[in-house]
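In: just to be clear, the model below is a prediction. Sequence and coordinates:
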Amino acid sequence: MRFKKDLILLFLVIAIGVSFGSGFYYGKLQCKVCPPEEIDFSLFWEAWQKLEENYVNPEKLDVQEMIYGAISGMVQSLEDPHTIFLNPSDTKRFIEDVKGTFEGVGMEIGIRKGQLQVIAPLEGTPAQRAGLRAGDKIIKIDDVLTIDLTIDEAVNLIRGTKGTRVILTIYREEWAQSKEISILRDIIEIPSIKWQLIEGDIAYVQLYHFSEKASLDFNRAAIEMLNSPVQKIILDLRNNPGGYLEIAQDIAGYFLERGKVVVIEDFGEKKAQRQYLVNGSAIFVEYPLVILINEGSASGSEILAGALRDQRGVLLIGEKSFGKGSVQELTKLREGSSLKITVANWLTPKGELINDRGLTPDIEVEITEEDYEKDRDPQLDKAIEIVKEIR
């Protein structure tokens, strides 16, 4: 009798264990995204509960916004200004921006050493006409201090409807104190390229942005140059904030032989490096070439300049570039949100890290306040001098 009771008890224990185990397994199959078992979230839920119980204005407790805020805080703890959480409205705006025109002031911004600053004002935009320069520090946007803003939060404040104004409080190294600059917003159409013949046989090529149309525009310019007296080329990448990698890779194909490495994508220890190779016509491979850069040269322009220096020994003239050499991937999340995650770093063909370091020019030439005021360009003057000497 005792044996029979023990057997029944053992059966019940096993049955309960199997039921619990299968229920747990079934639950894991049912959850949309299962929480990691090794991470204790009890502190988070304890804080959430205390807010719900004690916050003085309970009507302000928006559950969805609290979730977005929690995710944003988690991402910001990485201290990587390029890895960000985008809520549904931010995601929609980001995707629209990549496609074409937008309303705003027309400048690329970034964070360096915790300070929001201008990477580059885009050609022909309100930001450029207002006198903003690469390296200008943005202290305030209207009445909002920028110290704790993410890049996307700052972009949202600067953007706005055509015809409205935004006041930026700007600090520049040459100034004794910051200044307020009022800028009238407009529709921004990003230009790609302009070239002209100077000194009789030098093509002065200004490449403003690696936009979707830049490859086609550069091809048109290349045909025009081939049908002109051009014998030497100055490629001006100053204030070019980057754009599409594929476009930078395509343009590199005009200056490098097929099969040469343009850039290396380094994923750290996660997986093997990936090389991006030239696949172009190399029609300018024999042309003497120098490149202009400054601290507004970022991302794609640093990739192109680094490739041409490493592979052809092309001289870089001007000032140190910005140092935006990381790779972001947009990952879609539920309900229209997304994460823009840094997944790799760019290396030049010789393995030089670009991110946070930039490219140091071979010949350093600064532009002073007096140069700006008198419309002088000593960097271009030096480029003309150097390219003339190349045979």
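Out: Arrived safely.
In: got the domain boundaries for the chain?
Out: If you go by automatic domain parsing, the domain ranges for the chain are 101-188, 193-389.
In: rounded mean pLDDT for the last one, please.
Out: When the per-residue pLDDT values of domain 193-389 are averaged, the result is 95.
In: pick the most deeply packed of the domains of the chain.
Out: Highest mean neighbour count of the domains of the chain: domain 193-389, a mean of 19 (counted as mean count of other CB atoms under 10 Å). All C-beta spots, glycine's among them, are computed from the backbone N, C-alpha and C.
In: measure that one end to end?
Out: Distance between the boundary residues of domain 193-389 (CA to CA, to the nearest Å) amounts to 26 Å.
In: please apply the same query to stretch 191-203.
Out: 18 Å.
In: same check on stretch 222-231?
Out: Taking CA to CA, the first and last residues of stretch 222-231 lie 12 Å apart.
In: what do you get for stretch 52-66?
Out: The stretch stretch 52-66 measures 11 Å between its terminal residues, going by CA to CA.
In: check which residues of it are buried.
Out: Of the residues in stretch 52-66, none is buried by neighbour count under the rule 16 or more other CB atoms under 10 Å.
In: what average pLDDT does that stretch get?
Out: pLDDT averaged over stretch 52-66 equals 94, rounded to a whole number.
In: figure out how far that stretch is from the centre of its chain.
Out: The gap between where stretch 52-66 is centred and where its chain is centred comes out at 35 Å by CA atoms, centre = their mean, to the nearest Å.
In: so what touches it?
Out: Trp48, Leu51 (CB atoms under 8 Å, 6 or more residues apart in numbering).
In: looking at the domains of the chain, which is closest to Pro35?
Out: With CB to CB as the measure, domain 193-389 is the member of those nearest Pro35 (14.9 Å).
In: on the three-state scheme, Ile223 is what?
Out: Local secondary structure at Ile223 is given as helix here, using DSSP: H, G, I helix; E, B strand; the rest coil.
In: what residues are up against it?
Out: Applying CB under 8 Å, 6+ apart to Ile223 gives no contacts.
In: now render the domains of the chain as a markdown table, adding distance to Asn87.
Out: Putting those into a markdown table (distance: least, CB to CB, whole Å) gives the following:
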| stretch | distance to Asn87 |
| --- | --- |
| domain 101-188 | 10 |
| domain 193-389 | 5 |
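In: and Pro36, which of those domains is closest to it?
Out: Closest to Pro36 of those is domain 193-389 (CB to CB; 16.6 Å).
In: hey, C-alpha coordinates of the longest strand anywhere in the chain in CSV?
Out: Ranked by number of residues, the top strand in the chain under DSSP state E is strand 338-347. Backbone C-alpha positions of strand 338-347 (Å, rounded to 0.1, in the frame of the first residue of the first chain) are rendered in CSV as follows:
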residue,chain,number,x,y,z
SER,A,338,13.9,51.0,-35.8
LEU,A,339,17.4,50.9,-34.5
LYS,A,340,20.3,52.4,-36.4
ILE,A,341,23.2,50.3,-35.2
THR,A,342,27.0,50.7,-35.7
VAL,A,343,28.0,47.3,-37.0
ALA,A,344,31.5,48.0,-38.4
ASN,A,345,34.3,50.5,-39.0
TRP,A,346,35.9,51.6,-42.2
LEU,A,347,39.6,51.1,-42.8
